[in-house]
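Participant: Could you work out the structure for the sequence below:
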Amino acid sequence: MIDYPAPDPNLMNGPVSIATACLLFLIHYFTVSSGRFFRRWSKGLNPAALSIRRVLYQRLLGTLLFGLFPFLMVLLVFREPLTRYGLSVEYLRSGLLWWIPVALLVVVISYLGARSPINLAKYPQIRTGQWSRGLLTLSALSWICYLAGYEFLFRGFMLFSCLESFGYWPALVINLSLYSLVHVPRGSREAFGSLLFGFLLCYLTLHLGSIWFALFIHIALALSNEWFSLGFQPEMKLIKNGRTK
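Facilitator: Presented below is the predicted three-dimensional model:
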């Protein structure tokens, strides 16, 4: 029988974070893709109202699974300060020198790609012809909450755990691999694009020691893409006081 070395308890946070992230994504994916999950809310709703409710519940569930659960893992299981997992604000002000030009670049790229048929077939995720300012605001807030949890899971909880357990490059490769795989259901364009975008976010996070900059950039991408896509959708309009703008 092969004599395998015993695991080092001091290096277990990385494997635990990987397993936790995989489990959370499986729960989220199969829950939101299950017809049974939304059947109870579909009665009496038209397709537009159902789309709004479905997307908002998907993001709420993601916020809880990807944000709250890893947050509690760090505090109750790892028993370590959250600042060790990217929630430090020490370099927040100096990081603006990184965030502003990168965010502007992301918005420009988002604008250039928003009008493509592939993008418009999926975005905005809420498929309703009439967008009120209230819906626009609610969608933006739900995006921000969802991405806060999403970034803490990937660039906080998992990246810094793997950094401690495996070192810089293994942590980066593991993060990019899983980040790309979770985008596979959204098509090859997002799966391959997430490799470059994920590398940028991981590099900035590790260089600055904080997830805030990755979060701000991701929010800039998501919101700009939603707003540009809404503007390019011929069947979607922003309404004001019952009138279409």
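
Participant: hey, which strand is longest across the protein?
Facilitator: Among the segments of the chain that qualify as a strand by DSSP state E, the longest is strand 237-240.

Participant: Touching stretch 3-22 from outside, list them.
Facilitator: Contact with stretch 3-22 is made by 69-70, 73, 77-78, 153-154, 157-158, 161-166, 171, 174, 178, as judged by Cβ atoms under 8 Å, 6 or more residues apart in numbering. (Each C-beta comes from the backbone N, C-alpha and C, glycine too.)

Participant: Take those and keep only those in strands.
Facilitator: Short answer: the contacts of stretch 3-22 have none in strands (DSSP E).

Participant: Selection in ChimeraX covering whichever of the residues you listed are buried, please.
Facilitator: Listed next is the ChimeraX selection for buried residues among those, using 16 or more other Cβ atoms under 10 Å:
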select :69,70,73,78,153,154,157,158,161,162,163,164,165,166,171,174,178
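
Participant: Which of the contacts of stretch 3-22 fall within helices?
Facilitator: 69-70, 161-166, 171, 174, 178 (DSSP state H).

Participant: Just the buried residues of stretch 172-182, please?
Facilitator: 172, 174-176, 178-180, 182.

Participant: leaving aside the residues next to it on the chain, what's closest to residue 132?
Facilitator: residue 239 (5.5 Å; Cβ to Cβ, 6 or more residues apart in numbering).

Participant: Does the one you found touch residue 134 like I think?
Facilitator: No - with contacts counted by Cβ atoms under 8 Å, residue 239 stays clear of residue 134, the gap being 10.2 Å.

Participant: Buried ones in the one helix or strand residue 228 maps to, by neighbour count?
Facilitator: According to DSSP states H and E, residue 228 maps onto helix 212-232. Across helix 212-232, burial judged by 16+ other Cβ under 10 Å covers 212-230.

Participant: cool, and stretch 109-126?
Facilitator: Buried, per 16+ other Cβ under 10 Å, within stretch 109-126: 110, 113-114, 119-120, 123-126.

Participant: What of stretch 187-204?
Facilitator: 190-191, 193-194, 197-198, 201-202, 204.

Participant: Closest one of those to residue 97?
Facilitator: residue 204 (11.4 Å; Cβ to Cβ).

Participant: distance of that closest one from residue 101?
Facilitator: With distances taken as Cβ to Cβ, to the nearest Å, residue 204 is found 12 Å from residue 101.

Participant: same question, residue 219
Facilitator: For residue 219, the distance to residue 101 - Cβ to Cβ - is 16 Å.

Participant: farthest-separated two in the buried residues of stretch 109-126?
Facilitator: Largest separation among those by Cβ to Cβ: 113 and 126, giving 19.1 Å.

Participant: now the helices for this structure?
Facilitator: Ranges of helices in the chain, per DSSP H, are 13-32, 35-42, 47-62, 69-72, 96-114, 117-120, 133-151, 159-166, 168-181, 188-208, 212-232.

Participant: And these: which comes nearest residue 84?
Facilitator: Distance to residue 84, taken as Cβ to Cβ, is lowest for helix 159-166 among the helices of the chain, at 6.3 Å.
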